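J.: Predicted model and sequence follow; I will ask about them next.
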Amino acid sequence: MAVLRALDSYDPARGSENGYIRTCARNGMISYLRRNRHECSMDEDVLEARVRDSTSEQETNADEQQEVIEIREALASLLQNLSPFEEEVLDAYLRGGGVSGAVMIMRCDRKKVDNALQRIRNKARALRGDML
C-alpha cells in the first residue's frame, strides 16, 4: 500500500521515482512491522481480516472508504499478477525488513531477490498506469 501511495505523491523535482518508491515502501514496511511486532503473512484471509478490523475500528467518511476500497483492489490485483516466486520474495522482503533480510530468509542469491523485487515494482507501476 505504501508503494501505491508513493506513486501518487511522487515529485520529480525531488529525485528519481525508483529511489522515492523504494524509500516509501521500505519505510512503510518498517513502520508496519514496528506497529505489529509479529510476522507478516501474505494469506489473503489474514489480509482481509486486518483491513476489515482496521476500517471497523475507525469511523471513516465516504472518501476514505472509497480510497481503502481502491487500495485493496489495487493490492489484490497486484498480488494476482505476481508469480509464485515473486510472492515468496515479497513475503520475505516484508518479514525481513529489506533486501538483506529477504536474502537470508530465501537463502538465495541477492541478485535473484533484487530482480524479483524490480519485477514487482514494475508491475505496481503498470497497475498505477492502468488506474489513471
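T.: Cool, got the structure.

J.: Check which element follows the lowest-mean-pLDDT helix or strand in the chain along the chain.
T.: Lowest mean confidence among the helices and strands of the chain (mean pLDDT, DSSP states H and E): helix 44-57, at a mean of 59. Going down the chain from helix 44-57, the next helix or strand is helix 62-80, by DSSP states H and E.

J.: what about that next one, average pLDDT?
T.: Averaging pLDDT along helix 62-80 yields 76.

J.: Now it: buried residues?
T.: Neighbour counts over helix 62-80 (16 or more other Cβ atoms under 10 Å) mark V68, R72, A74, L75, L78, L79 as buried. Heads up, the C-betas are built off the backbone N, CA and C, glycines and all.

J.: Which elements pack onto that helix?
T.: The contact analysis (3 or more Cβ pairs under 8 Å, 6 or more residues apart in numbering; DSSP states H and E) places helix 62-80 against helix 2-9, helix 44-57, helix 110-131.

J.: same thing but 6 Å
T.: helix 110-131 (3 or more Cβ pairs under 6 Å, 6 or more residues apart in numbering; DSSP states H and E).

J.: ok, and what's touching the helix it packs on?
T.: Here helix 110-131 makes contact (Cβ atoms under 6 Å, 6 or more residues apart in numbering) with V3, L7, A74, S77, L78, N81, E86, V89, L90, V99, A102, V103.

J.: In which helix or strand does L82 reside?
T.: Per DSSP H and E, there is no helix or strand for L82.
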